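Novice: sequence? don't have it. structure:
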């Protein structure tokens, strides 16, 4: 009988040890999983955002499936005759004229043992009538950029020569003011005077005039970017542009640096203190962004970024912009960007829409402008993945009109940066992608952590109860009573009282 009891006791003790061991193992497993869940999530994020074939990020980067829109807001000159006669120009915004973009990367090749990728990009623009104020055939009155371009190129000649040039312009019905369709102003039309010069064997870069001429469906500049998303300092950054590691359009090496990505890629785990750059090929320079607030987008926390307020500030007031002044110290005033070297021959300057934040001299020279902070460029970026949830790039093209007594139609006008159009290039991430990202990056890990925490607590409590019961029973069992073995059929011996 003693052997049977020993067996039963040992069996219970073994069961106790196994139970305790299993619970300890589960507690350790849950605890280990809990503390390693974040690193595992980080690895998953790195894997999904890697810019290699087969990943979601690569597919989206190569040929974006989200809707990207290009909106053109034209400025109609409502007092053209008075303007030519010396009055202040009066403009009226007309728009938007909306186009859907289809982007695709071409001529892609790996460089530097795969650390960078080289490509060109084609952008196709498709007019969207339902998102526009009218058809592309709407007409707009504005200044003739070809006429101003001729003034820039030949205005230094003797007055008699310039008079002949202007006479020839007028004979081809080329004047300072022109009325064209939206389609012509954006995508190009053949200027009659430039065609005349071409036919006379006078070299001209092109006979076409258009704000975005030769940009619809054509290959853009050769670009090379860093692709390793674990190299946070360089992921997505432009390494080469047109085969060069720096620009050659500005007057200082700092201004000519290729800083930032193209605005579609940011490295994972973006920190609030970071101030990323975006390289904007349209204006041949990089723009630095600053975080302004943390907001929720469909329940997902995102950082809102705006350009620094001194981005286009005059070099006369900001030393860091010294390189963007092309004729020191005769620099432009605040918040306009000289495009003379970026777009040779084009008589334009860039600014924020409605000359926002521009020097009062520039703003007051034009009637009909209504600048406000909503017209600024902005980005909403999810910091853990670096995914851009929403982006709006807004820039304005202004004609640089200068008084020139050698040209009759320019003899009375005042120097002015006349708004021609401003563009808003934007996209918003689709709902399906937001839901997937919210589940995988935020909701999923929180649910897993919650379940693991509950299981950890439950297992720990069970383990505590088992151990406590063991020690309680052990403490309540008498240990000072000697063991007596009983024989079958024999009465226990009794000790008589003395």
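Specialist: That came through, no problem. Nothing here was measured: the structure is a model prediction, and the numbers come from that model.
Novice: can you pull the buried residues of stretch 301-309?
Specialist: 302, 303, 304, 305, 306, 307 (16 or more other C-beta atoms under 10 Å). Yep, even glycine has a C-beta here, placed from its N, CA and C like the rest.
Novice: if you skip the residues just before and after it, what's nearest to the last one?
Specialist: The one in question is residue 307. residue 287 (5.1 Å; C-beta to C-beta, 6 or more residues apart in numbering).
Novice: go on, residue 246?
Specialist: Residue nearest to residue 246 in three dimensions, not counting chain neighbours: residue 256, with 4.7 Å by C-beta to C-beta, 6+ apart.
Novice: how many other residues sit next to that neighbour?
Specialist: 18 (other C-beta atoms under 10 Å).
Novice: ok, it touching residue 244?
Specialist: No: if you go by C-beta atoms under 8 Å, residue 256 and residue 244 don't touch, sitting 9.3 Å apart.
Novice: before we move on, the earlier item: and the residue nearest to residue 307, helix, strand or coil?
Specialist: At residue 287 the chain is in strand, as set by DSSP: H, G, I helix; E, B strand; the rest coil.
Novice: count the neighbours of it for me.
Specialist: 19.
Novice: now what about stretch 297-308, what contacts it?
Specialist: 270, 272, 275-276, 287-296, 376-383, 389-390, 431, 434-435, 437-438, 441-442 (C-beta atoms under 8 Å, 6 or more residues apart in numbering).
Novice: still on that earlier bit, how much space between the residue nearest to residue 307 and residue 277?
Specialist: 7 Å (C-beta to C-beta, to the nearest Å).
Novice: so who does residue 327 touch?
Specialist: Here residue 327 is in contact with no residue (C-beta under 8 Å, 6+ apart).
Novice: which residue ranges of the stretch 51-200 of the chain form helices?
Specialist: 56-62, 80-84, 145-154, 159-171, 182-187, 192-199 (DSSP state H, counting those that start in this stretch).
Novice: buried stuff in the last one?
Specialist: Read that as helix 192-199. 193, 194, 196, 197.
Novice: ok, the nearest residue to residue 274 once chain neighbours are set aside to residue 222 distance?
Specialist: Spatial nearest neighbour of residue 274, chain neighbours left out: residue 291 (7.8 Å); criterion: C-beta to C-beta, 6+ apart. Distance, residue 291 to residue 222, by C-beta to C-beta: 32 Å.
Novice: so what touches stretch 165-179?
Specialist: Against stretch 165-179 from outside (C-beta under 8 Å, 6+ apart): 77, 80, 83-84, 139-144, 146-148, 150, 154, 157, 191-193, 195-196, 407-410, 413.
Novice: before we move on, what about stretch 235-249?
Specialist: With C-beta under 8 Å, 6+ apart, stretch 235-249 has contacts from 51, 116, 118, 221-229, 253, 255-262, 264-268, 279, 281, 284-285, 341-342, 386.
Novice: buried ones among these?
Specialist: With burial judged by 16+ other C-beta under 10 Å, the buried subset of the contacts of stretch 235-249 is 51, 116, 118, 223-229, 255-258, 260-262, 264-268, 279, 281, 284-285, 342, 386.
Novice: mind checking which of the residues you listed are in strands?
Specialist: Using DSSP state E, the members of those that fall in strands are 116, 118, 223, 224, 225, 226, 279, 285.
Novice: okay, and for this structure, where does confidence drop off?
Specialist: 1-43, 112, 156, 443-449, 451-453, 455-456, 459-460, 463-498 (pLDDT under 70).
Novice: which residue would you name as the spatial centre of it?
Specialist: Nearest residue to the geometric centre of the chain (C-alpha atoms, centre = their mean): residue 263, 3.5 Å.
Novice: ok, back up a step: closest one to residue 363 out of the buried residues of stretch 301-309, please.
Specialist: residue 307 (18.6 Å; C-beta to C-beta).
Novice: which stretches in the stretch 201-350 of the chain count as helices?
Specialist: Counting by DSSP H, counting those that start in this stretch, the stretch 201-350 of the chain contains no helices.
Novice: what of the stretch 351-498 of the chain?
Specialist: Under DSSP H, counting those that start in this stretch, the stretch 351-498 of the chain gives helices at 360-363, 431-437, 444-476.
Novice: the first one: which residues count as buried?
Specialist: This points to helix 360-363. Buried residues in helix 360-363, counting neighbours by 16+ other C-beta under 10 Å, are found at 362, 363.
Novice: swap in stretch 198-208?
Specialist: Here stretch 198-208 shows 204, 207 as buried, counting by 16+ other C-beta under 10 Å.
Novice: show the end-to-end separation of that stretch, please.
Specialist: In stretch 198-208, first residue to last residue: 11 Å (C-alpha to C-alpha, to the nearest Å).
Novice: for the protein, longest strand please?
Specialist: In the chain, assigned by DSSP E, the strand with the most residues is strand 91-111.
Novice: other SSEs contacting that one?
Specialist: helix 56-62, strand 68-77, strand 116-127, strand 416-428 (3 or more C-beta pairs under 8 Å, 6 or more residues apart in numbering; DSSP states H and E).
Novice: residue 357: which of these is closest?
Specialist: For those, proximity to residue 357 was assessed by C-beta to C-beta; strand 416-428 is nearest, at 13.5 Å.
Novice: partner strands of the closest one and their direction?
Specialist: Strand 416-428 pairs in its sheet with strand 68-77 (antiparallel), strand 387-401 (antiparallel), by DSSP bridges.
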